[in-house]
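1. Turn this into a structure:
(one chain, ligands or ions: 1)
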Amino acid sequence: MPLINIIPGDKIPVAPMNLRLPAWRVPGWLLVFWWLLRGLVRVTVLAVRYWWLTVPTGLALWLRLEYGGLLLASVALAVAAVCLAWWRWHPVSWLRFGWYPMVARVRALLIYRVRWASVMATCGLATVFGGDRYVPRLLRVRCDRFGDELTVRMLPGQIPDDWAQAAERLAYAFRLRDGHARSTSRPDRVVVRFLRRDPLATTIDPLPVPDVPDLDGLALGVREDGLPYRLRLAGSHVLVAGATNAGKGSVLWSLIRSLAGGIRSGLVEVWAFDPKGGMELAAGAPLFARFVYDDPDGMAGVLEEAVKRMRLRAARLRGVTRQHVPSVEDPLLVLVVDELAALTAYLTDRKVRDRIKEALGLLLSQGRAVGVHVIAALQDPRKDVLPFRDLFPTRIGLRLTEAEQVHMVLGDGARDRGALCDRIPDSLPGVGYVALDGVREPARVRFSYLTDDDIRQLGRDYQRHDRNDDDQEVTE
Ligand SMILES: Nc1ncnc2c1ncn2[C@@H]1O[C@H](COP(=O)(O)OP(=O)(O)OP(=O)(O)O)[C@@H](O)[C@H]1O
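-> Residues are numbered from 1 along each chain as shown. This is a model prediction of the structure:
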C-alpha cells in the first residue's frame, strides 16, 4: 500500500497484527524497557492533554503532602469563594469563560470521547480502509445554556449532509434528543449541535417596532442561537406554509408589526386579504389601506388594482432605476394574504378564480423590482393548490403534516439538511425553518407572538398616517 494513502481520521486497529515475522532474539530487559518507555510517553501525552485535571490534582497532592490537609481545604475554599464572587459580580462572563468551558471539558471526556468510536460506527460515520477502521476526529466540544456543539473533522468522502442526516441518531446515541449539523467555512469540518434544552421553548414577546423599517432585515423572531431572525423583504415575496394552528398568523403579524413604523409614516402601504372571513386580520384593520374579506369578486378586483398600480409604477421607473425606493408619495405596497389556497384552489367560481390567478401571477413575477410584495400564508403546499410556489423567493416552513411537504415548501433536500417541519410538535406554534443568507442549512426560528390586545394596540399606535375613519376601504 503506498504511503500517501492516509485517511486523516483516528485509526482503530481492527485486530492485532497476525503476521509471522522472522524470529529475533530480544533480551527480556530490552522488552521491559520498551514497554515502560511507551507507557511513560502515553501517560505524559494524556497528562498534557488533560492538564485541567492533572494540574489541579497534582497541586492538591503536593499541598496535602507538603503542608497538610488544612491548607489544602483552605485553598479549595478560597478557589470556590473566588468562583462564587465572579458569578455574583458578573454572571455572564463567569458562565462564558468559567462555567461552560469547564462543563464542556467534563462532558467531552465523560460523554463524547468515551463513546465516540462506537457511536461513529453504529451511526454509519466510520469507514474501513486497508483493513483498518477510521473514525472522524472530534476536535472540540463547546457547551452553552441550551446544548453542546461538537466540531468534527469529517472523513474523506463525507459531506455535511451526511452528518445532518445522522444528527438525530447521534443525539440519541449520546442520550440527548435533538441534533442538527451545519457546515463551516472549512470544507473538512462540520459542527454538530445537540440540544439539552430547547431555546425556542418559550413564547417570544412582540419585538420593538423600528420607526423606519429595515427592508433588508425585518426582525421577526429569534433563532436557535439566540440572535434575532431577520427577513429580507426587499426584492422578495414571502410564502408561509403551516398546518392548522402552526402559527401562520404569528408570522404575518410579526411582519406587519416590523413594518408598522413605515405604515404610520406613509412609507409602506399594506393591503390585507382575509378570505377566511376577516377573523385573522380584522384586529389590525386601522393599519391597512385596503382590507378585503369574504367576497372573492372584491378580492379579485383589489388584486387587479394592485396590478394596475404595479404597471403604472413600472412604466414610470423604466429607464430611471432598476429598484424602486419607497417614499411617502410612492410607498412600498405589501399585499398580505391569509390562506392563499382559498383564492387559488378552493374557489368554486371559475371565472373569479382565473382572474385572481392571473393577477397573482403578474404580481409575483413582476412586482419585486417595483416595490410590490406579496406575503401569503398557506396550509397545504401541494402544487395543485398553489401553482405559483416557485415565484416566492422567501419561504417559511412551520409545522407541516407530512415530510414531502417540506420539500414542496423549502425545496429539494431541505429536509435532509435538517428542516424537520413535520417533526415540530403541536406544543410549539410559531416555530419553523427558514433559509438564511449564505448558510446552506435551514435555521430553526420562533416568531414573536402578538395577542389580540397587542394587535389592537399596534393598530392604535401605528395606524396609517393619512387615515381618517371615512377613507378606509373595506370590502366585504
Ligand atoms: N409564535 C407563537 N408563539 C406562541 N404561541 C403561538 C404562536 N403563534 C401561534 N401561537 C398559538 O397557536 C394558536 C394558533 O395560532 P394561529 O392562529 O396563528 O395558527 P394558524 O397557523 O394561523 O392556524 P389556522 O390555519 O387555523 O388559522 C394561537 O392561538 C396561539 O395560541
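2. how much space between the residue lying closest to Phe129 once chain neighbours are set aside and Arg115?
-> If the residues on either side of it in the chain are set aside, Phe129 comes closest to Ile7, at 5.5 Å by CB to CB, 6 or more residues apart in numbering. For every residue, glycine as well, the C-beta is placed using N, CA and C. Distance, Ile7 to Arg115, by CB to CB, to the nearest Å: 21 Å.
3. Gly226 now?
-> In this structure, Gly226 and Arg115 are 29 Å apart, going by CB to CB.
4. Look at these two and report which has more neighbours.
-> Set side by side, Gly226 and Arg115 give different neighbour counts by other CB atoms under 10 Å, the larger being at Arg115 (14 against 11).
5. Near the residue in the chain that the ligand sits nearest to, how many other residues are there?
-> Here the residue of the chain nearest the ligand is Gly430; by CB to the nearest ligand atom that distance is 2.0 Å. By the measure other CB under 10 Å, the count of residues near Gly430 is 24.
6. Can you verify my assumption that it contacts Ile424?
-> No - at 9.8 Å, Gly430 and Ile424 do not qualify as touching, with contact defined as CB atoms under 8 Å.
7. which neighbours do the two share?
-> Taking CB atoms under 8 Å, 6 or more residues apart in numbering as the contact definition, Gly430 and Ile424 share the neighbouring residues 246, 398.
8. What count of nearby residues applies to Gly147?
-> Counted with other CB under 10 Å, the burial measure for Gly147 works out to 20 neighbours.
9. Need phi/psi at it.
-> Comment: the main-chain dihedrals of Gly147 come out as phi -180, psi -170, following degrees, to the nearest 10.
10. Please name the bridge partners of the nearest residue to it once chain neighbours are set aside.
-> Once its chain neighbours are removed from consideration, Gly147 has its nearest residue in Leu195; the separation is 4.2 Å (CB to CB, 6+ apart). The residues paired with Leu195 through beta bridges, assigned by DSSP bridges, are Gly147, Asp178.
11. Now for Leu195: which residues touch it?
-> 146-147, 171, 176-179.
12. same thing but 7 Å
-> Contact partners of Leu195, counting by CB atoms under 7 Å, 6 or more residues apart in numbering, are 146-147, 176-178.
13. What are the contacting residues of stretch 184-193?
-> Outside of stretch 184-193, the residues that reach it under the criterion CB under 7 Å, 6+ apart are 147, 149-154, 160, 163, 167, 170, 179-183.
14. my guess is Asp211 meets Gly261, correct?
-> Yes - under the criterion of CB atoms under 7 Å, Asp211 makes contact with Gly261 at 4.4 Å.
15. The two: who's more crowded?
-> Relative neighbour count places Gly261 above the other of Asp211 and Gly261, with 19 against 10, counting by other CB under 10 Å.
16. I'd say that one and Asp214 touch.
-> No - under the criterion of CB under 7 Å, Gly261 is not in contact with Asp214, lying 9.8 Å apart.
17. from the contacts of Leu195, which would you call buried?
-> By neighbour count, with 16 or more other CB atoms under 10 Å, those hold 146-147, 176, 178 as buried.
18. Could you dump these into TSV and include distance to Pro296 and pLDDT?
-> Written out in TSV, the entries for those read as follows (distance: CB to CB, whole Å; pLDDT from 0 to 100):
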residue	distance to Pro296	pLDDT
Phe146	46	88
Gly147	48	90
Leu176	50	88
Asp178	43	84
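19. Kindly report the residues of the chain close to the ligand.
-> Counting by CB under 6 Å from any ligand atom, the residues of the chain close to the ligand are 203, 242, 244-250, 379, 429-430, 447, 449.
20. re earlier: read off the pLDDT value for the residue nearest to Gly147.
-> Here, the pLDDT recorded for Leu195 equals 89.
21. do you know how far it is from Gly432?
-> As for Leu195, its distance to Gly432 is 16 Å (criterion: CB to CB).
22. show me where pLDDT drops low in the protein?
-> Across the chain, the ranges flagged by pLDDT under 70 are 1-6, 13-21, 383-384, 438, 465-476.
23. Domain parsing of it, as residue ranges.
-> Each domain of the chain is listed here as a residue range: 96-197, 218-475, per automatic domain parsing.
24. Indicate which one of the ones you listed is closest to Trp24.
-> Trp24 sits nearest to domain 96-197 of all these, at 24.3 Å, using CB to CB.
25. would you list every one of the helices in the protein?
-> With helices called from DSSP state H, the chain shows them at 28-49, 51-67, 69-89, 91-93, 100-107, 114-122, 160-173, 248-265, 296-317, 341-344, 350-366, 403-410, 452-461.
26. For the last one, which helices and strands make contact with it?
-> Meaning helix 452-461. Under the contact criterion of 3 or more CB pairs under 7 Å, 6 or more residues apart in numbering; DSSP states H and E, the helices and strands touching helix 452-461 comprise helix 248-265.
27. next one: the fifth one
-> Based on contacts counted as 3+ CB pairs under 7 Å, 6+ apart, the elements that helix 100-107 packs against are strand 137-143.
28. What strands line up against the strand it packs on, and which way round?
-> strand 147-153 (antiparallel).
29. any idea how far Thr44 is from Leu37?
-> Distance, Thr44 to Leu37, by CB to CB: 11 Å.
30. And Gly298, by the same measure?
-> In this structure, Gly298 and Leu37 are 89 Å apart, going by CB to CB.
31. of the two, who's got more company?
-> Gly298 (17 against 10).
32. my guess is the more buried one meets Val292, correct?
-> Yes - under the criterion of CB under 7 Å, Gly298 makes contact with Val292 at 5.3 Å.
33. For stretch 230-244, list every residue counted as buried.
-> 230-234, 236-243.
34. Can you get me a residue count around the residue nearest to Ile424 when sequence neighbours are not counted?
-> Nearest-residue entry for Ile424: Arg399, 4.1 Å, with adjacent residues in sequence omitted and distances by CB to CB, 6+ apart. Arg399 sits with 23 neighbouring residues when counted by other CB under 10 Å.
35. for the one 4 residues further on, same thing?
-> When neighbours are counted by other CB under 10 Å, Ala403 registers 12.
36. For it, give me its contacts.
-> Contact analysis of Ala403 by CB under 7 Å, 6+ apart lists 415, 422.
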